[in-house]
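Peer 1: everything below, folded, please.
(one chain, ligands or ions: 3)
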Amino acid sequence: MALIVQKYGGTSVGSIERIKAVAERVARVRAGGDQVVVVVSAMAGETNRLFKLAAQLSDSPHPREADVLVATGEQVSAALLAIRLQALGYPTVSFLAHQLRLATDSRHGNAKIRSVEASRLIEALAAGHIAVVAGYQGVDPKGDITTLGRGASDLTAVALAAALKADACEIYTDVEGVFTADPNICPRARKLGRISYDEMMEMAGLGAKVLQLRSVELARRYNVPLVVRSSFSEAAGTWVGQEDKSMEEVMVSGVTLDQNQSKITIAGVADRPGLAARIFGPIAEAGMVVDMIIQNASADGRTDLTFTVGRDDLRGALELCRLMAAEISAAGVRHEEQVAKVSIVGLGMRTHAGVAARMFRVLADEGINIQMIATSEIKISVVVNAKYGELAMRALHDALLGKGSNATSAESV
Ligand code: ADP
Ligand code: ASP
Ligand code: MG
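Peer 2: Ligands and ions are numbered 1, 2, ... in the order given. Reported below is the predicted structural model:
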């Protein structure tokens with residue numbers, strides 16, 4: 001008898017018909033003798049709908065109340081799935097975060113999990129019940145509802161799988177696994193049989209929302225065997241796990257696109273120690289994540305500092321930058337609201353040179369201008385004009401990962 005945690009995303013529970021189909025799938029596993037904990041997301045589009053309702057009432061809804069509101073989406077789908085499983089004759093019990101003491105800090109909208117009490121789940125499973133858990137939500141030390149960040153039902157599933165030492169954590173979604181690029185943008189993307197935690201973390205952090213970043217981090221920390229599969233088919237999915245030798249042979253595993261980036265330049269900053277700290281300190285304190293940064297010295301001893309932020313943070317970051325620019329007598333602040341970050345990820349880049357040059361050549365051949373470049377051990381990212389993001393992704397995918405490309409395997413270097 002195995003203990004399986006299954007997570008179903010928004011599309012998978014997006015309608016009554018879909019909930020019935022999910023219930024059949026869960027019932028089959030239970031009927032086979034395994035214990036099942038199911039984590040559900042809100043029905044497709046529901047979380048956005050709820051955020052939009054709040055936005056009609058206030059420009060800045062209080063995060064505590066926003067969490068009370070948006071956490072209802074998962075409550076609805078948990079109850080509906082439990083009702084259906086019971087109707088099929090399977091004893092089932094649903095749980096919200098406070099009932100499992102899924103404890104978080106108080107950072108509403110992006111709370112961090114501190115601990116999970118598995119005892120109620122263990123009791124339910126021991127009694128032969130299926131447990132259905134509302135994803136995405138937690139409870140803070142005051143007992144208030146929190147949410148864990150967009151897409152974080154994945155995180156709930158991994159946290160429960162870790163706490164229960166589950167045999168597997170299965171993430172069911174609307175694609176058949178992790179692909180070499182988003183299959184909805186790149187028609188030639190291929191499904192990967194497996195991928196390392198490290199590569200998956202890079203891909204998730206760089207825009208492949210098939211898995212939420214923190215869920216992969218947690219899976220790696222607790223060595224949770226993770227598989228991404230489709231709830232619409234029986235196809236084998238993608239395993240995410242520890243790397244092994246053969247994975248290093250693959251130079252590029254995936255191409256990602258993040259279209260939700262903006263670029264800010266503070267022009268004419270004096271070339272003096274401490275100024276970068278002065279600029280980025282307040283931005284970090286405000287909880288905004290600065291991503292790529294470049295600094296260019298200009299002829300008159302002043303420098304231009306350019307960096308990217310998530311588009312949601314643009315307004316706040318610009319306000320801070322304008323204040324700071326005045327304080328440090330910089331020449332001014334410019335911004336570009338819509339830029340795209342396109343990245344290639346692969347363990348083999350650690351040991352093989354020449355990938356960056358190849359990437360830049362592909363973009364040059366498409367006439368796409370590179371605005372910024374950043375590299376780490378296993379990834380190379382470039383910022384381009386947003387309108388070329390998808391084109392860049394497809395071109396890179398087909399050149400580096402498409403059929404007949406010779407950059408995918410280390411032997412061909
Ligand atoms: P869910 O609602 O099930 O959590 P998400 O929308 O969060 O599903 O994630 C699935 C989506 O991730 C897919 O529909 C696909 O468009 C997108 N995606 C982006 N990059 C990739 C990739 N490399 N492989 C698979 N899917 C990807
Ligand atoms: N419903 C939440 C969201 O849309 C969490 C999730 O789907 O994982 O972000
Ligand atoms: Mg998701």
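Peer 1: just the helices in the stretch 1-150 of the chain please.
Peer 2: Using DSSP state H, counting those that start in this stretch, the helices of the stretch 1-150 of the chain run over 16-31, 46-57, 63-70, 72-87, 97-100, 119-126.
Peer 1: K245 is nearest to which of those?
Peer 2: Closest of the helices of the stretch 1-150 of the chain to K245 is helix 16-31, at 33.1 Å (criterion: Cβ to Cβ). In this view, the C-beta of every residue, glycine as well, is placed from N, C-alpha and C.
Peer 1: now the closest one and helix 72-87, what's the angle there?
Peer 2: Going by axes from the mean of the first three to the mean of the last three Cα atoms, to 10 degrees, helix 16-31 is angled at 60 degrees with respect to helix 72-87.
Peer 1: helix 16-31 vs ligand 2: in contact?
Peer 2: No - using Cβ under 6 Å from any ligand atom, helix 16-31 never reaches ligand 2; the gap is at least 14.0 Å.
Peer 1: wait, what's in contact with the residue nearest to S115 when sequence neighbours are not counted?
Peer 2: In this structure, S115 finds its nearest non-sequential neighbour in A103, 4.9 Å apart by Cβ to Cβ, 6 or more residues apart in numbering. If you count contacts by Cβ atoms under 8 Å, 6 or more residues apart in numbering, A103 has them with 113-116, 138-141.
Peer 1: at 10 Å what do you get?
Peer 2: Going by Cβ atoms under 10 Å, 6 or more residues apart in numbering, A103 touches 97, 111-117, 138-141, 146.
Peer 1: how about those in CSV, adding distance to ligand 2 and pLDDT?
Peer 2: Formatted as CSV, the contacts of A103 follow (distance: Cβ to the nearest ligand atom, whole Å; pLDDT from 0 to 100):
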residue, distance to ligand 2, pLDDT
A97, 13, 98
A111, 13, 96
K112, 16, 96
I113, 14, 97
R114, 19, 97
S115, 20, 96
V116, 17, 95
E117, 21, 93
G138, 12, 98
V139, 16, 98
D140, 18, 98
P141, 22, 98
T146, 13, 98
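Peer 1: tell me which of those fall in strands.
Peer 2: Among the contacts of A103, the members falling in strands (DSSP state E) are 113-115, 138-139, 146.
Peer 1: can you tell me how far the residue nearest to S115 is from T72?
Peer 2: The gap separating A103 from T72 is 20 Å, by Cβ to Cβ, to the nearest Å.
Peer 1: and the residue of the chain found nearest ligand 3, what element?
Peer 2: The nearest approach of the chain to ligand 3 comes at G151, 4.2 Å away (Cβ to the ion). Using DSSP states H and E, G151 is not contained in any helix or strand.
Peer 1: ditto for the one 3 residues further on
Peer 2: Remark: D154 resides in helix 153-164, with elements defined by DSSP H and E.
Peer 1: any of the ones in strands among the contacts of A103 buried? List them.
Peer 2: With burial judged by 16 or more other Cβ atoms under 10 Å, the buried subset of the ones in strands among the contacts of A103 is 113, 138-139, 146.
Peer 1: the residues you listed: which two are farthest apart?
Peer 2: Checking these with Cβ to Cβ, the most distant pair is I113 and V139, at 10.5 Å.
Peer 1: which residue, other than its chain neighbours, is closest to the residue of the chain closest to ligand 3?
Peer 2: In space, G151 is closest to Q212, 4.0 Å off (Cβ to Cβ, 6+ apart).
Peer 1: wait, isn't that neighbour in contact with L148?
Peer 2: Yes - Q212 is within contact range of L148, at 8.7 Å (criterion: Cβ atoms under 10 Å).
Peer 1: name the residue of this protein with the shortest distance to ligand 1.
Peer 2: G9 (1.8 Å; Cβ to the nearest ligand atom).
Peer 1: mind listing what the residue nearest to G151 touches?
Peer 2: Counting by Cβ under 10 Å, 6+ apart, Q212 has contacts 136, 148-158, 171, 204, 218.
Peer 1: make it 8 Å
Peer 2: 149-155, 204.
Peer 1: quick revisit: surely the residue of the chain closest to ligand 3 and A208 touch.
Peer 2: No - contact criterion Cβ atoms under 8 Å: G151 and A208 do not qualify, at 11.1 Å.
Peer 1: which residues do those two both contact?
Peer 2: By Cβ under 8 Å, 6+ apart, no residue touches both G151 and A208.
Peer 1: and this protein, which residues reach ligand 2?
Peer 2: Counting by Cβ under 6 Å from any ligand atom, the chain sits next to ligand 2 at 9-10, 41-42, 47, 73, 135-136, 150-153.
Peer 1: okay, and the beta partners of T147?
Peer 2: For T147, the beta-bridge partners are Q137 (DSSP bridges).
Peer 1: mind listing what it touches?
Peer 2: 67, 70-71, 108-111, 136-138.
Peer 1: over to A392: give its phi and psi.
Peer 2: phi -60, psi -40 (degrees, to the nearest 10).
Peer 1: for the residue lying closest to it once chain neighbours are set aside, give its distance to ligand 2.
Peer 2: Of all residues not flanking A392 in the chain, V342 sits nearest, at 4.5 Å (Cβ to Cβ, 6+ apart). Noted for V342: a distance of 24 Å to ligand 2, by Cβ to the nearest ligand atom, to the nearest Å.
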